[in-house]
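Student: generate a structure from the sequence data that follows.
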Amino acid sequence: MALFDDLNESMRKVILAGVGAVALGAEKSQDLLEDLVKKGEETIEQGKTLNDELTRKVRETAESASDEVLRNKFRGMTAEERAEWLARAAKISEDLEAEDAAAQEDEPEESEVVEPEEVEVETPATDAPVEPEEVEDVSVE
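Tutor: Just a heads-up that it's a prediction; the model follows:
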């Protein structure tokens, strides 16, 4: 009987160890999941920050490169050519401003928007029964 009691106790311990392992595994997996979510959120934030920084640097580099190209272009010009170029640039700027002003004038203001008129449509009377039209039987030979 002692052997049976030892076997019973051993079986009980194995079952309890299994239940404990499952519970421990569930806790650890929950902790792991929370850690992964936290790391994922941090990675997303770091990615957004990096993207903003790269965008700013690209913008600064593009502006700097544009200024350098313009400076090099002016370097190769005489004073008269620079003045002529500046006059052309001013003319283009004036033309663009005039186009913008014309486009704003063409847009209707809220008070100018015309609402469509309501039209009454008469519905035919349905008191009389409608009979189908007769159709000739046409056969193809």
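Student: can you give me the helices in the chain?
Tutor: Secondary structure of the chain (DSSP state H): helices located at 2-75, 79-106.
Student: which of these has the lowest average pLDDT?
Tutor: Of all these, mean pLDDT reaches its minimum on helix 2-75 (a mean of 87).
Student: what sits against Trp85?
Tutor: For Trp85, the contact set (CB atoms under 8 Å, 6 or more residues apart in numbering) comprises 74, 77. From N, CA and C alone the C-beta is placed, and that goes for glycine too.
Student: apologies, that question was intended for Phe74.
Tutor: Shown in contact with Phe74 (CB under 8 Å, 6+ apart): 82, 85.
Student: hmm, 6 Å instead?
Tutor: By CB atoms under 6 Å, 6 or more residues apart in numbering, the contact list for Phe74 reads Arg82.
Student: so it versus Ser93, what's the distance?
Tutor: 17 Å (CB to CB, to the nearest Å).
Student: can you check Ala102 too?
Tutor: 15 Å.
Student: go on, Thr43?
Tutor: For Thr43, the distance to Ser93 equals 45 Å [CB to CB].
Student: and the residue most central in space within the chain, how far is that from Ala62?
Tutor: Among the residues of the chain, the one closest to the centroid is Lys48, at 14.5 Å (CA atoms, centre = their mean). Using CB to CB, Lys48 is found at 21 Å from Ala62.
Student: export stretch 25-32 to PDB, keeping only CA atoms.
Tutor: Output of stretch 25-32 as PDB, limited to C-alpha atoms (Å, rounded to 0.1, in the frame of the first residue of the first chain):
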ATOM      1  CA  GLY A  25       4.700  29.900 -18.900                       C
ATOM      2  CA  ALA A  26       1.500  32.000 -19.200                       C
ATOM      3  CA  GLU A  27       3.000  34.700 -16.900                       C
ATOM      4  CA  LYS A  28       6.300  34.700 -18.800                       C
ATOM      5  CA  SER A  29       4.600  34.900 -22.200                       C
ATOM      6  CA  GLN A  30       2.500  37.800 -21.000                       C
ATOM      7  CA  ASP A  31       5.600  39.600 -19.700                       C
ATOM      8  CA  LEU A  32       7.400  38.800 -23.000                       C
END
